[in-house]
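> what would the 3D arrangement of this be:
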Amino acid sequence: QVQLVESGGGLVQPGDSLRLSCAAPGRTFSSYAMGWFRQAPGKEREFLAAINWNGGSTEYADNVKGRFFISRDNAKNTVYLQMNRLKPEDTAVYYCAAAQNIADYSARYEYWGPGTQVTVSS
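Predicted coordinates:
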C-alpha cells in the first residue's frame, strides 16, 4: 500500500509558475514509477508527466512538454511537478499516482493521491 498526498496547489495568475509536491511516506516509494495527471471539470483525467523509479527516465504529454517538469527526491519520498508559464486552461485538480513501471495512461497506476486544486486566473 502506498499513500500519496499532493500539496502546493492554489490560485495563480497567467504566466506564473507553481511547484506541486507529492509525498509518499514509507520505504517503498523509491521502487515505484510516479506520474502526474489532472482533471478539469467536465473533462477526462489527463496524463501530464511520469518518471521512473530513479529519475533516469521521464515522459511528458505533448501539450505540457517544455513547460512542465517532473522530478523526484527518493531521500525525501517526494515527487515534484514544476509548472511554468501557466495558462487558464491549466486549471484543474492535479493528482499524483504510483505505478510499477513508467507509463502514460492512468490504468497502469495503482495508487492515487486525493488531488490538489490549481486555478489559473487573472
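> alpha carbons only for contacts and neighbour counts from here, please
Fine.
> and the pLDDT at the residue nearest the centre of the chain?
Taking CA atoms, centre = their mean, the centroid of the chain lies closest to W36, which sits 2.5 Å from it. Reported pLDDT at W36 in the predicted model: 98.
> ok, it touching Y95?
Yes - the pair W36 / Y95 is scored as a contact, 5.6 Å apart, by CA atoms under 8 Å.
> ok so S30 is a helix residue?
Yes - checked against DSSP: H, G, I helix; E, B strand; the rest coil, S30 lies within a helix.
> ok, it - contacts?
Each residue near S30 by CA atoms under 8 Å, 6 or more residues apart in numbering is listed here: W53, N54, N74, N77.
> if you rank the residues you listed by neighbours, which is first?
W53 (21 neighbours; other CA atoms under 10 Å).
> from memory it sits against S31, does it?
Yes - applying CA under 8 Å, one finds W53 in contact with S31, separated by 5.5 Å.
> run through the bridge partners of A33.
On the basis of DSSP bridges, A33 is bridged to A99.
> that one and G26: what is the separation?
A33 sits 15 Å away from G26, taking CA to CA, to the nearest Å as the criterion.
> which one's more surrounded, these two?
Higher neighbour count among A33 and G26: A33, with 24 against 12, using other CA under 10 Å.
> quick check: that one touching C96?
No - A33 is beyond contact range of C96, at 10.6 Å (criterion: CA under 8 Å).
> isn't D73 right up against V79?
Yes - applying CA under 8 Å, one finds D73 in contact with V79, separated by 6.3 Å.
> of the two, which one has the most company?
Between D73 and V79, counted using other CA under 10 Å, the more crowded position is V79 (27 against 14).
> check what pLDDT the more buried one gets.
97.
> so it is in which element?
Using DSSP states H and E, V79 sits within strand 78-83.
> return the distance of that strand from the chain's centre.
The chain centre lies 6 Å from the centre of strand 78-83; the measure is CA atoms, centre = their mean, to the nearest Å.
> partners of that strand, with directions?
Going by DSSP bridges, the partners of strand 78-83 are strand 18-23 (antiparallel), strand 68-73 (antiparallel).
> for the closest residue to S106 other than its chain neighbours, what are its contacts?
Using CA to CA, 6 or more residues apart in numbering and skipping residues adjacent in sequence, the residue nearest S106 is F47, 7.1 Å away. Neighbouring residues of F47 by CA under 8 Å, 6+ apart: G35, W36, F37, R38, A61, D104, Y105, S106.
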